[in-house]
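Undergrad: coords please:
(4 chains)
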Protein chains: 2
Amino acid sequence: MRARSYHHGNLRAALLARAEETVRERGVQALSLRELARETGVSHGAPRRHFGDRQALLDALAEDGFVRLGQALDGAVRDAEPDCTARLQALAGAYVRFATRHAALLELMYTGKHREGAESVHAAAEQAFAVSLGVISEAQGSGELVPGDPESLAQVALATLHGLAAMANSGMLDVEELETVVPDAVERLLSGLRRR
Amino acid sequence: MRARSYHHGNLRAALLARAEETVRERGVQALSLRELARETGVSHGAPRRHFGDRQALLDALAEDGFVRLGQALDGAVRDAEPDCTARLQALAGAYVRFATRHAALLELMYTGKHREGAESVHAAAEQAFAVSLGVISEAQGSGELVPGDPESLAQVALATLHGLAAMANSGMLDVEELETVVPDAVERLLSGLRRR
DNA sequence: GACGAATGTAGTCACTGACTACATTCCCTC
DNA sequence: GAGGGAATGTAGTCAGTGACTACATTCGTC
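TA: Modelled structure (predicted):
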């Protein structure tokens, strides 16, 4: 990155980074293009070159969020013991941790209001959730889980995790409770899905 | 309601009703106090008497949403066969139907950003979810479900439903798919929870 | 019927997102 | 390397918004 001159050099990335910070600290509705420009030391019209309008910026944030979520899930599974239970527990923990640490971002990610680039946000989401699908079909292959459409199993599992995170984020569930509720929920799901 | 005179007569209710409509049709972010006032045929400052600021209006909408959700769940369970499976399936259907029909409102309800009146929104939510708790503890009493903290069982069940609805609303799951996915998910949950 | 409280009106302010015309710089081609 | 078109940033403008204030009208109560 060069010293500040007429051209910033990597405005797009700088805007995204600063925006993510603002969203995390003060929520989506507090994100203003003009303030963002001010904070980034650039004129109020500059962001327009990179994000046609406010929504385009939000879409980009969401997409980025899915990428990072995917990395988090991937890392968690990679670090876990190779058995199905351990991997799913690790995955669950990672998901809920991300969801509570980045509550506003998650809301943005799941708010279906993405347009145009919906495809790319969608693709990023699919990519992020590929990990869980992998874990489940592997466990089915090794006989740890009952057979059945792995996609629908993964859906139910992720939905449960997402729901718990959403309830925690909305204050209907204490965040500390998650530490016990989430493993519990996974265990309950598994007790219905384990081959026996 | 009297003819339009200086005092509207029931502005608060009229604003809420119109606001709910706008939120349903065009989303939360499209709700403007001034436009709302215009549509209701009242000066742009009038809403302020009833809702101190925009967030107060949103909070009231959320609270109202929980009340209506509670009624929907209650009605569904009341109309269902008295056995645990039928009741939970009915409850699940009602929840997901409400969640997809009022996607933006649901988002509003679950967005933890309520202030001050958080207590009342919170209370309305608790009230809405009391039904599911009742169904579960009854089923435990009759021996249909495994024993255990009913609150945590209900949490997992609701979280799953909410997660599925959220995924459908965000376009990650086809709405038509819900018709089969939701009963499936309930059955899967139950297969882990049923006494045997 | 008078009077204080509740409710609605009118006007203002700073701020925002969207848009435009224009300036500067980058980088590709010759 | 020079020239020129594309990319990027600046400056100015516009209508719309939420929040606030002073003021007008009406309601309910004594």
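Undergrad: just checking, what packs against the helix ranked longest in chain A?
TA: The longest helix of chain A (DSSP state H) is helix A:54-79. Where contact means 3 or more CB pairs under 8 Å, 6 or more residues apart in numbering or on different chains; DSSP states H and E, helix A:54-79 is packed against helix A:11-26, helix A:84-101, helix A:103-110, helix A:118-141. For the C-beta atoms, the positions are set from N, CA and C on the backbone; glycine is no exception.
Undergrad: deepest in the core, which of those helices is it.
TA: The highest average neighbour count among the helices and strands packed on helix A:54-79, using mean count of other CB atoms under 10 Å in any protein chain shown, belongs to helix A:103-110 at a mean of 23.
Undergrad: for it, name the packing helices and strands.
TA: For helix A:103-110, the packing partners by 3+ CB pairs under 8 Å, 6+ apart come out as helix A:11-26, helix A:54-79, helix A:150-169, helix B:150-169.
Undergrad: pull the distance from the longest helix of chain A to the chain's centre.
TA: Helix A:54-79 sits 5 Å away from the centroid of its parent chain (CA atoms, centre = their mean, to the nearest Å).
Undergrad: and if you look at stretch A:159-169?
TA: 12 Å.
Undergrad: stretch A:187-195 too?
TA: Worked out by CA atoms, centre = their mean, stretch A:187-195 lies 25 Å from the chain centre.
Undergrad: how about that stretch: buried residues?
TA: The neighbour-count check on stretch A:187-195 (16 or more other CB atoms under 10 Å in any protein chain shown) flags A:Arg188, A:Leu189, A:Leu190, A:Gly192, A:Leu193 as buried.
Undergrad: quick one: which helix or strand includes the residue of chain A found nearest chain B?
TA: Of chain A, the residue with the smallest distance to chain B, taken as CB to the nearest CB, is A:Gly192 at 2.6 Å. Assessed by DSSP states H and E, A:Gly192 sits inside helix A:175-193.
Undergrad: send me that helix as CSV with only the CA atoms.
TA: Below are the C-alpha coordinates for helix A:175-193, written out as CSV (Å, rounded to 0.1, in the frame of the first residue of the first chain):
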residue,chain,number,x,y,z
VAL,A,175,-24.9,-16.9,25.9
GLU,A,176,-23.2,-18.9,28.7
GLU,A,177,-26.0,-21.4,28.5
LEU,A,178,-24.9,-22.2,25.0
GLU,A,179,-21.8,-23.9,26.4
THR,A,180,-24.0,-26.7,27.7
VAL,A,181,-27.1,-26.4,25.5
VAL,A,182,-25.2,-26.8,22.2
PRO,A,183,-23.4,-30.0,23.0
ASP,A,184,-26.6,-31.3,24.5
ALA,A,185,-28.6,-30.5,21.4
VAL,A,186,-25.9,-32.2,19.2
GLU,A,187,-26.0,-35.3,21.5
ARG,A,188,-29.8,-35.4,21.2
LEU,A,189,-29.7,-35.1,17.5
LEU,A,190,-27.1,-37.8,17.3
SER,A,191,-29.1,-40.1,19.6
GLY,A,192,-31.7,-40.1,16.9
LEU,A,193,-29.3,-40.5,14.0
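Undergrad: helices and strands around it, which ones?
TA: By 3+ CB pairs under 8 Å, 6+ apart, helix A:175-193 packs against helix A:84-101, helix A:150-169, helix B:150-169, helix B:175-193.
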